[in-house]
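Asker: Predicted model, plus sequence, below.
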Amino acid sequence: MPTIQFQLNGTAAAVDAGPDQTLLDVLRGRLGVTSPHFGCGAGECGACHVMVGDHAMASCDMPMWSVADKDIVTVEGLGTAEQPHPLQRAFIAEQAMQCGYCVSGILISAAALLKRNPSPTEAEVRTALDRNLCRCGSHNRIVRAVLRAASEMARS
Amino acid sequence: MSSASPAPTLPVSLAANPKLSSWVKLIGDGRVAISPGKVEIGQGIVTALAQIAADELDVDIGRIDMIRASTAASPNEGVTSGSLSVQQSGRALRHACAEVRQRFLVAASERLGVDASLLEIEDGAISGPGNVRTSYWELASDVSLDHDAIAGATAKIVTKRTVAGHSVQRVDIPDKVFARPRFIHDCPLPDLLHGRVLRPDISGARLIALDETATRTVPGLIAIVRDGGFSGVVADSEAAAEAALKALRKGAAWSAGEPLPDEDDLAGFLKSQPIETTVIDLRTTAATTENSARTLRRQYIRPYIAHASIAPSCAMAQWAGDDRVHVWTHSQGVYLLRADLATVLKLPAENIVVEHMEGAGCYGHNAADDVALDAVLLAKGAGGRPVRVQWSRHDEMSHAPFGAAMAIEIEADLDADNEIVGWRHAIWSNGHAARPGRAAQPALLAATEITTPWPRMISTNPPAASGGGGDRNSVPLYDLPAWTVTSHRLLIMPVRTSALRTLGGQGNVFAIESLLDEIAALRGEDPIAFRLRHLRDERAKEVIRAAARRAQWKPQKQSGIGHGVGFARYKNTGAYCAAIAEIEGTDDIRVKRLTLAVDVGEAINPDGVINQIEGGAIQATSWVLKERVRFDRTRITSTSWTDYPILTFSEVPAVDVEIVQRPEIEPVGAGEAAHGPVTAAIANAVYDCLGVRMRDLPITRDKIIAAIELAS
């Protein structure tokens, strides 16, 4: 079983992984990183999104071999209650969820968007989040929260 | 549950669970434990209840620990459903906390030697003239709350409430943005094993033979569990459990299964089955049918709709010996689930502890309860270790119960002026509820699969006093001179159905509000004026007027844009809601904006109410434009998000919500108020835009084109 080395939330990680193992499985299982959620296992709902470089990607169908030497960020690496990411502050301010199961994947999609495009339009936010499903209907609050975070980041 | 006979004026949940300490405990460190029987399902109820408790006790909301429901200790409040939690749990807590406050004031008065009426409480500190002070926590050992609540405790008047009625931030949201485990999916127990259950693709098929040889060689396998037609695997990791399940599936042989209806002829199917018929309501007045000049006869269809939670259902179970089991679940009713588990396991209920942990939004009775029994059965093979079972997306979309399909026929008798003189509303549908814990037989899926299987529970309808099921919202709130409302419940159930948000409410409101719109158009009368003219209830009229004002009804007619209105009072006893939809399109329509007004009585957390209404409006838009469970004659085929698409961020309309404030009126829930009105508003806007009446949900491009061709 090969050892795969990668960066996880700014720290070096190394795991032995077989060819069938997915990043989501390794994160939630051996590494105990539970913010990426299993939703469908087919990359269709976005609940498991992690940031790979500057892009949000589904981790549920991402084989471990493809993670080698990559820089992976999950919500655990976004910020903390003491030092929140502007998106985390904005999601609280906008009360941007109902059940919140989809939110970690959405925070990651939004964080990746803001890295690439620090001042997106509303339409650009929506397009960036189209790969994330929300069943409770919190979409508009979530979009407001992302725009709020973007303007906060622009001011600072 | 206590058998004490409470005074008649206690709130219903408190009457059923009168002991104060089961609701409220003063605990160390200046904290208060509040223990409701209702559970968080993403609706924000835990926060609303904390607000009520903080207000009545005069403590900062930050001091309150909300305890998750468990059969080990919590009050039994049945199921968290029907938009009743604020009504039931909220009233009980308001009353219980008011009494607790009073008891502490009496104790403080004795200790401080000051008349209770002169004492004040601020954030749990009790003080009076002469700078005398004590606190809840100092007095906690003097004041026993192991007493039954007494009727007559006086809650604060509206103007004295400082927390309830305000948009307090939800207590669960920080955990969810800072990745602190809170969902059952994220909370591994020590020594946890993982299970997966083998279920057929073919609907109603039973496992008849199983070759386990290949599965036994899967690394990490702990056990293969088989109990008749129920089978699954337990392994030391999720990946190993998935691999073992894959191997097991290859060794499985299944019976032929049971045929499914034609998905393209739901009305034909629903109207040709054995049924039980109930007359829901009858209104007769003298001068009616003889004035009838003609009769409009219209049929409306609602398809099967999936709950389709973003999280697949999940549970954990751990046996102690062979007669005691602990279950962790996101079920909406821990006591009800326990009752069904006891029936299946043939154990006394006291041997089973069922503890709630949050899951994703469920929107009704999904697979939450089913997976709990799966976990219990698989944990039998785990040698006392806990087992976590999670369903696949495929199983969630095919084996969980669906919201029932409905065929609704309304005949409206019109006089020469096209005024309504008679109204006959008939519903054909499976029952809308097959929840656990309410019948002599269990409702859980695996119970139908084990060696001595229980029959599959055929869904029934809650009684009219509980809002009804297929007939929910079928009795017009409008003042029509006569009506007959009839419900035909199917006695067979090839597609498994149970409670989905609103039960039959969405379908019935869609039908009633569509036909009213059609009749208003026949008369050349404004649809809002027409509705107001037929309503006597001032609260109903006010939400319609409020929505109309907010949407600046009726906007100038523009080509390619349409506006429509829908209204209902949920269950005819709950929240009032009016919706105005603005759509654009030619054949493929887009819902641009929804404007809603809602009256829930006292809004405990106004932003929470708005959040629920927004969410309901968006979910209803998804149902209306996109959703329909797909099947061929042998199996459910919409088993992925590709095959069961829901509304995406780019497709979501703007939603604007106004709360009609009624702080003096007892609160009701908001979670299901928007679905029916929004459905009707969109359909009516399609007519305004394109001139065709869409009576068959979902309203898709293909159906609009067909309707336009038919009309031309």
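Answerer: Done, it's in.

Asker: what's the single longest helix in chain A?
Answerer: Ordering each helix of chain A by length in residues (DSSP state H) puts helix A:139-155 first.

Asker: That one near chain B at all?
Answerer: Yes - contact of helix A:139-155 with chain B is found when judged by Cβ under 8 Å from any Cβ of the partner chain, involving A:H139, A:N140, A:R141, A:I142, A:V143. The way it works is simple: take the backbone N, C-alpha and C, and place the C-beta from them, glycine included.

Asker: Report the contact partners of residue 85.
Answerer: With no chain named, the answer covers chain A. A:L78, A:G79, A:L107, A:A111, A:A149 (Cβ atoms under 8 Å, 6 or more residues apart in numbering or on different chains).

Asker: Not quite, go with chain B.
Answerer: Taking Cβ under 8 Å, 6+ apart, we find B:S85 in contact with B:P36, B:K38, B:Q43, B:I45, B:A48, B:L49, B:G669.

Asker: need these in CSV with neighbour count, distance to B:F649 and secondary structure, can you?
Answerer: CSV is the format used below for the contacts of B:S85 (neighbours: other Cβ atoms under 10 Å in any protein chain shown; distance: Cβ to Cβ, whole Å; DSSP: H, G, I helix; E, B strand; the rest coil):
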residue, neighbour count, distance to B:F649, secondary structure
B:P36, 30, 33, coil
B:K38, 30, 31, coil
B:Q43, 26, 21, coil
B:I45, 26, 26, helix
B:A48, 28, 27, helix
B:L49, 29, 31, helix
B:G669, 26, 27, coil
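
Asker: Pick the one among those closest to B:W641.
Answerer: B:Q43 (23.2 Å; Cβ to Cβ).

Asker: Quick check: bridge partners of the most centrally placed residue in chain B?
Answerer: By Cα atoms, centre = their mean, the mean C-alpha position of chain B lies nearest to B:G364, the distance being 3.9 Å. With DSSP bridges as the criterion, B:G364 is bridged to B:L500.

Asker: Tell me how far it lies from chain A.
Answerer: Separation of B:G364 from chain A (Cβ to the nearest Cβ, to the nearest Å): 12 Å.

Asker: one step back: which one of the residues of helix A:139-155 next to chain B is nearest B:P190?
Answerer: A:I142 (35.0 Å).

Asker: Is the closest one in contact with A:L133, as I believe?
Answerer: No - judged on Cβ atoms under 8 Å, A:I142 makes no contact with A:L133 at a distance of 11.6 Å.

Asker: Give me the more crowded residue out of the two.
Answerer: Between A:I142 and A:L133, counted using other Cβ atoms under 10 Å in any protein chain shown, the more crowded position is A:I142 (27 against 24).

Asker: Need the nearest residue in space to the more buried one, chain neighbours excluded.
Answerer: Counting by Cβ to Cβ, 6 or more residues apart in numbering or on different chains, A:I142 lies nearest to A:A96, which is 4.7 Å off, once chain neighbours are set aside.

Asker: How many neighbouring residues does the one you found have?
Answerer: Number of residues near A:A96 (other Cβ under 10 Å) recorded here: 28.

Asker: cool, and the one 10 residues further on?
Answerer: Neighbour count of A:I106, defined by other Cβ under 10 Å: 31.

Asker: Equivalent analysis for B:G524, please.
Answerer: Quick note: B:G524 (other Cβ under 10 Å) scores 7 neighbours.

Asker: separation between it and B:N418?
Answerer: According to Cβ to Cβ, to the nearest Å, B:G524 and B:N418 sit 9 Å apart.

Asker: and the gap between B:Y576 and chain A?
Answerer: According to Cβ to the nearest Cβ, B:Y576 stands 20 Å off from chain A.

Asker: And the pLDDT for that residue?
Answerer: On the pLDDT scale, B:Y576 is placed at 98.

Asker: which residues sit in contact with it?
Answerer: B:Y576 neighbours (Cβ under 8 Å, 6+ apart): B:R539, B:A540, B:E542, B:V543, B:F567, B:A568, B:R569, B:Y570, B:V598, B:D599, B:V660, B:A673.
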